[in-house]
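Asker: Provided below for reference: sequence and predicted model.
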Amino acid sequence: MIEQTVTILNRKGLHTRPAALLVKTAARFQSELTLAKDGFEINGKSIIGVMTLAAEQGSQLTIRVEGPDEEEAAAAIVAIFERKFDEE
Amino acid sequence: MKIERTHETRKKSITAGFLYQQTHDRFGLKQLNGEAGFDNLIRDKSLNRPGLALAGYVELFTYDRVQIMGNTEIRYLNSLKPSQRMAACTNLLEFKMPCIILTNGNIIAEELLQAAAARHIPIFGTEFETTKISYFLADFLDDQFSPQVVVHGSLVDIYGVGVLLAGRSGIGKSEIALDLIERGHRLVADDVVNVTRKGEGILIGAGTDLVKHFMEIRGLGLIDVRSMFGIRAIRFQKRVEIAIELEEWQGDRDYTRTGLDTDQVSILGVDIPLVKLPIFPGKNVTVIAEVVSLNYLLKHYGYDAPKEFAKRLEGVIGQKKKGNRAINYFEHDFE
């Protein structure tokens, strides 16, 4: 299991399009992805779940990846947060 | 199963202001001395009546709870001389109470209200009687402080039974929920189900404020069930009574064949029946989900089909009957 904290860097926060990018990326891997914000934990492969977090710029999320391909999955997911979801 | 691994949360405190905002409509609360102390924290779901503390006995005074002052306290105060009254109140206001609620439309002198405001203790008034407001508030606080967990699944009311559909993402929970809605059942929440434990053994599931009755259907995107199917297709909350876990058919897996032994899953320490349902093409999961609900209802009303069948079988074995026709001779049935 890999656990890591990421910060939302883009101005508009984790809105619909970034959420879609995130779940699409997560769906490519077999591993389970869990995202948590302020104790609220959701499945990272569910777009409804990801949007429920309503994560704004500057907020911190804990991501947890668990499964056979967790290394690659975690790297890919952290990368899209760092790329600001290709928005800016 | 997956449901058990999820992360449990519990509110540690709410503010007096939050209590007021959330309940003033329902409980008819009125602010009597402004908003000073609205950020006081309530950490306990119990209530307290400060009668003895007013009379001067402050040992064991649970001042950190919401204080309810009813007829008893107010009449006691009114029976005192003005100087004693002020002293009793000043004594009480020494304690950092989160807020005080005056019931039965009782009022207290303006100078006492201001003294409380100066100590950052908000006072609310209500027309409700003490027993009633205590009941309402205890229920509200119990709800606020009860443990919660977010479950990844769909919660649907099928024939009045709250069925939680769980399983890995992409297995088709939302599609089955949609199919159930089409057949007249009601969606509570899809994908993100907030489950709260009420009292000791009741689980209540609801959606989140933001999502309400939106759902995602792969290939279509987001749809709004309420605007698409109307009010009959939704409900805001429902007791969670059964969990159905969907999984791909695995030939070597041991699925129940008689239903004599039922699996259980524990959510927030409450055990509910769990049905593990293998899915494969051509299997109508919707109908099976309906049957699961009906079977649950039958059991609830005292009829357990597998047990009845087992009993019947034992009877037949005991009689050592011969023949295998359902009815040996049915008169004049030539159709």
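Answerer: Structure received. Numbers count the residues shown, from 1 in each chain, chains lettered A, B, ... in the order given.

Asker: How about the residues of chain A by chain B?
Answerer: A:27, A:36, A:39-43, A:45-49, A:51-52, A:54 (C-beta under 8 Å from any C-beta of the partner chain). For glycine as for every other residue, the C-beta is placed from the backbone atoms N, C-alpha and C.

Asker: Helices of the chain, start to end?
Answerer: I went with chain A, as the question did not name one. Along chain A, counting by DSSP state H, helices occupy A:16-27, A:47-52, A:70-82.

Asker: wrong chain, I was asking about chain B
Answerer: Counting by DSSP H, the helices of chain B are B:16-27, B:51-54, B:71-78, B:82-93, B:110-118, B:130-145, B:173-182, B:225-229, B:285-300, B:305-319.

Asker: So, low pLDDT: which residues of chain A?
Answerer: Within chain A, no stretch has pLDDT under 70.

Asker: which residue lies farthest from the center of it?
Answerer: Going by C-alpha atoms, centre = their mean, the residue of chain A most distant from its centre is A:Pro68, 18.2 Å out.

Asker: give me the number of residues near the closest residue to that residue other than its chain neighbours?
Answerer: Leaving aside its sequence neighbours, A:Pro68 sits nearest to A:Gln30 (C-beta to C-beta, 6 or more residues apart in numbering or on different chains; 5.5 Å). Close neighbours of A:Gln30, defined as other C-beta atoms under 10 Å in any protein chain shown, add up to 11.

Asker: Contact residues of chain B facing chain A?
Answerer: So chain B meets chain A at B:6-7, B:9, B:150, B:152, B:169-170, B:190-192, B:208, B:210-211, B:214-216, B:222 (C-beta under 8 Å from any C-beta).

Asker: which residue is nearest the middle of chain B?
Answerer: Most central in chain B (C-alpha atoms, centre = their mean) works out to B:Ile204, at 2.9 Å.

Asker: List the residues that contact that one.
Answerer: B:Val195, B:Thr196, B:Arg197, B:Lys198, B:Gln237, B:Lys238, B:Arg239, B:Val240 (C-beta atoms under 8 Å, 6 or more residues apart in numbering or on different chains).

Asker: Now do it, the pLDDT please.
Answerer: B:Ile204 is assigned a predicted lDDT (pLDDT) of 94.

Asker: so how far is B:Glu59 from it?
Answerer: Taking C-beta to C-beta, to the nearest Å as the measure, B:Ile204 and B:Glu59 are separated by 38 Å.

Asker: If B:Asp224 is in a bridge, with which residues?
Answerer: B:Phe214 (DSSP bridges).

Asker: I'd assumed B:Glu216 was in contact with it.
Answerer: No: B:Asp224 lies out of contact with B:Glu216 (C-beta atoms under 8 Å); the separation is 11.2 Å.

Asker: between the two, who's got more neighbours?
Answerer: B:Glu216 (20 against 12).

Asker: and the more buried one, what does it touch?
Answerer: A:Ser46, A:Ile47, A:Ile48, B:Ser174, B:Asp190, B:Asp191, B:Leu222, B:Ile223.

Asker: Would you write a PyMOL line that selects the buried entries of these?
Answerer: Buried residues among those (16 or more other C-beta atoms under 10 Å in any protein chain shown), as a PyMOL selection:
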select buried, (chain A and resi 46+47+48) or (chain B and resi 174+190+191+223)
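
Asker: roughly how far apart are B:Tyr301 and B:Thr90?
Answerer: For B:Tyr301, the distance to B:Thr90 - C-beta to C-beta - is 61 Å.
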